[in-house]
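In: Give me the fold of what follows.
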Amino acid sequence: MITARAAATFEPVGRSVATARGFVRDTLQGWGLTDLIEDAVVLTSELVTNAVVHAGTSADVRCLRDPEGVRVEVVDRHPERELPLAEVSRGRLDLNSEGGRGLLLCAALASRWGVDYTATDKCVWFRLDQQALPVGTRSAGPVLPTEALPVSDTRVRVAVVQVDRADSITAWNDDARELFGYTAEQVVGKPLADLAAWPQTPGTGTGIAEALALSRWEGSYGLCDSEGRTVPVYACHLRVRDAQGEPSTVCLIVRDQERAILQSPSRLPVHGTDPLDRAGGDPLDALIGSPPPDDLDGLLQRTVERARDMLDGDAAFLLLATDDETELEVRATTGLPSARQRFARVPVETGSGRYGSARMPSVHEDLATAPGAVPLLSGTGMHAVVIVPLKVEGRLTGSLGVASETPGRYSNEEALRLQFAADRIALAVESARLTELERLRRGSLAFLVEASELLAGTLDRNQTLALMAQMTVPTLATWCAVYTIPEPGSEPVLSYVLHEDEERIDGIKALLDRVDPPDPDIDLGVRPWTAPADAAHNTALRSSLRSLALGELPSAGGGAPGTGLGTAAAVGGETVVLPLIARNRVIGLLALGKPTDERFRQDILELAEDLSRRAALALDNARLYSERTAISQSLQRSLLPPELPEIDGVDVEVIYRAAGEGNEVGGDFYDVFPIREGAYGFAIGDVCGTGPLAAAVTGLARHALRLLAREGLGGPAVLERLNAAILEEGPRSRFITLLYGELWPQPEGGALLKMVCAGHPLPLRLTPDGTVAPAASPQPLLGVMDDLELYEQTTVLNPGDVLLCVTDGVTERREGTRMLGDDGLADVLGSCTGMTAGAVASRVLRAVERFASDAPSDDMAILTLRIPE
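Out: You can find the predicted model right below:
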């Protein structure tokens, strides 16, 4: 009776053999026939090779399951090709011939086998029966001496945890409480992921959520106990459903050192056979599969997993050599907790003996007798280990190792087998590494070009700090902190913190505020910084102890910023400090960090160094720009008049806008000042040009006006002497248009005005009935001629009258061929009857700004005097 079927068709190409092996392996694994997988894969490999290589046709592979075992059929489209059945049955097959070896294997390994012919195809089939065991027996092992039995505690505890479809804990037994310190009340309803330290191994996509959804899962991870420590565990997960059809996952959990209690027994290879030979004879296929992964991490991860399985190990690891062959970098692991020490570096030569060099194969029968011989495996429970080099054309490119918890598990024979496989994959690994290196270099170049453009686009210090952090996180690091040094010799100041999870920023900032900043010594260069991780660990430990004292479950977030287990995990990995050096001075420090159990790749650190150099120069440019801007603005503010005086019976308002970014003073200027009791001077002028050069003449004119007016000189005399002073400046002199006047408020209301308009736009007078008219006549401007004949004009402002004085930046406002002009200004003023002096000035400014779409390009000054009614 057939209980399950699976079928697939494979094209007549060499790669189909490996694909067919994977199909049969996955099918039988899914059916739970693990004891039959090895023989089925070997036979399928041989028969599919006969079909697609020798017969040259496509091959159909069918797997048929029944209660006693499995039947596998391989069908090709070449029935004319006769098989040497008679020779196989008589045992007379020539082992050196191309044909018949698959049938010989069928005869040796299969329970039954045969060949069926039709007019169009040929079907070679074999049957594998499950091993007959005593009633009720699923599997059994041999009787072992007591000293060979697995070691456990006197009281074995198996935690039973049940998790619902939302991955929340619904059941927690007493053994779980004893193992991890939490009561059922503390954990029921919480996600299991909050307690699990799940191994995030690069190249694999199975996380805890995916594992809990599988029908069955078995393996190692960590669980955080009530004291904040991660307890390595071995677990078996089984997905079940209740009577109502609601799914849940039952998790059986023991301490990792007691994994033998739950671990499914591995089928040992048949004595005297080589798994490489039985898998088809190709070590490259055996280690990396076919087709190989496209990316380097996937290739390395598959390699370590296949190497572990090939030697029936418990863990495996692969390291790649640096370009100078002096160090090895951990790039892939399996069977080790939390991708242990990924990207950590170890020296190639660690000692003078044979086992001290990664350039030679080595076998350690028991690491307990040689502590520290393989630092990567310290504290993992591994005993036996075999390590072989990866070499290409005699050059060391990496190192591959397989480890076992059983002492004495490996000998020179396993080392030779692993070395043979490593020699075959070394070139594929090196090719993938060079491809990745080229991709990373291209990506790094593009990243640095974009970073340079962004940093060059701003001179604002705070924006530069933000850009530095945003370019670093998450591209280079999980979190970063920028320290700045305000003055040479001063202590670094924490200026910016960023984490890829915004909720962690406040916690990390609070933590770094309590940690002494890194040493800014320029000679130290790029270096590790352990202070944040140490402080976070100690703080989280104290927080957990306080929570336990109060009978609470320690939370990931903690009670205050920086005190939780979450913050400790966020900064618990590798942290490095890069000096920000510009113009031979350390102006700051850039700290980059990773979460717990994560380290930086060397190429990432090199890219971070390049970025830090560009960022340092941008930050120093922003500092210099800020300093010079502050100096410039301070000098410019000294050229502006102090606060306007209060004049009884007269409202005064001034609006001033200087053209140019960062300029507070330009060529336009104004002033209102007391001359003597009851008399006030006012002026509004325009120096030829804009910017600092015009502002220098502005300062001269404004101070000279005050000085001459307080000497008792009349308006014409004041301007004539100012004209002489300007001409004395020689090449630095500039011509000036100027409206100067003296104001005498009258006791009965109104004010008497005496004005001289030297080449300046005429002042406009607005009366309460809306009439607008010039209040003075034009006269020659200053700074052009030696002899000026100027005269004073007198007018009276009555209650309700407004006097508007502007510079040519107002009247010469343009939009294409249109210009606001004197008439346009008069129209605007005519609509301001009844308004205060401030309202009139504001309306004029809005009219100027709205006249054209672009920003004003000339300085502007607006002075209004109004006599209240």
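In: contacts, neighbours, all on C-alpha from now
Out: Fine.
In: Residues touching stretch 843-862, excluding its own?
Out: 654-660, 666-670, 684, 690, 804-810, 813-815, 820, 825, 828-829, 832, 841 (Cα atoms under 8 Å, 6 or more residues apart in numbering).
In: Show me the shaky parts of the stretch 1-150 of the chain.
Out: 14, 79-102, 132-142 (pLDDT under 70).
In: now the strands for it?
Out: 4-10, 59-66, 69-76, 112-117, 122-129 (DSSP state E, counting those that start in this stretch).
In: quick one: the third one to strand 59-66, angle?
Out: With axes from the mean of the first three to the mean of the last three Cα atoms, to 10 degrees as the basis, strand 69-76 and strand 59-66 are set at 160 degrees to each other.
In: List the contacts of strand 69-76.
Out: Contacts of strand 69-76 (Cα under 8 Å, 6+ apart): 33, 40, 44, 47-48, 51-52, 55, 57-65, 121-130.
In: What's the ChimeraX line that selects buried ones from these?
Out: This is how ChimeraX selects the buried members of the contacts of strand 69-76, with burial counted by 16 or more other Cα atoms under 10 Å:
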select :33,40,44,47,48,51,52,55,57,58,59,60,61,62,63,64,65,122,123,124,125,126,127,128,129
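In: before we move on, back to that, buried among the contacts of stretch 843-862? Make that a PyMOL selection.
Out: Here is the PyMOL command that selects only those of these that count as buried (16+ other Cα under 10 Å):
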select buried, resi 654+655+656+657+658+659+666+667+668+669+670+684+690+804+805+806+807+808+809+810+813+814+820+825+828+829+832+841
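In: In strands, which of the contacts of stretch 843-862 appear?
Out: 654-657, 668-670, 684, 804-806, 814-815 (DSSP state E).
In: got the residues you listed as JSON lines, with distance to T794 and pLDDT columns?
Out: Listed next are the ones in strands among the contacts of stretch 843-862 as JSON lines, based on distance: Cα to Cα, whole Å; pLDDT from 0 to 100:
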{"residue": "V654", "distance to T794": "22", "pLDDT": "93"}
{"residue": "I655", "distance to T794": "25", "pLDDT": "92"}
{"residue": "Y656", "distance to T794": "26", "pLDDT": "88"}
{"residue": "R657", "distance to T794": "29", "pLDDT": "84"}
{"residue": "D668", "distance to T794": "25", "pLDDT": "81"}
{"residue": "F669", "distance to T794": "23", "pLDDT": "85"}
{"residue": "Y670", "distance to T794": "20", "pLDDT": "90"}
{"residue": "I684", "distance to T794": "17", "pLDDT": "93"}
{"residue": "L804", "distance to T794": "16", "pLDDT": "95"}
{"residue": "C805", "distance to T794": "16", "pLDDT": "95"}
{"residue": "V806", "distance to T794": "19", "pLDDT": "94"}
{"residue": "R814", "distance to T794": "33", "pLDDT": "88"}
{"residue": "E815", "distance to T794": "36", "pLDDT": "86"}
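In: what two of these are the furthest from one another?
Out: Taking Cα to Cα as the measure, the ones in strands among the contacts of stretch 843-862 span a maximum distance of 26.3 Å, between Y670 and E815.
In: R442: neighbouring residues, count only.
Out: Close neighbours of R442, defined as other Cα atoms under 10 Å, add up to 12.
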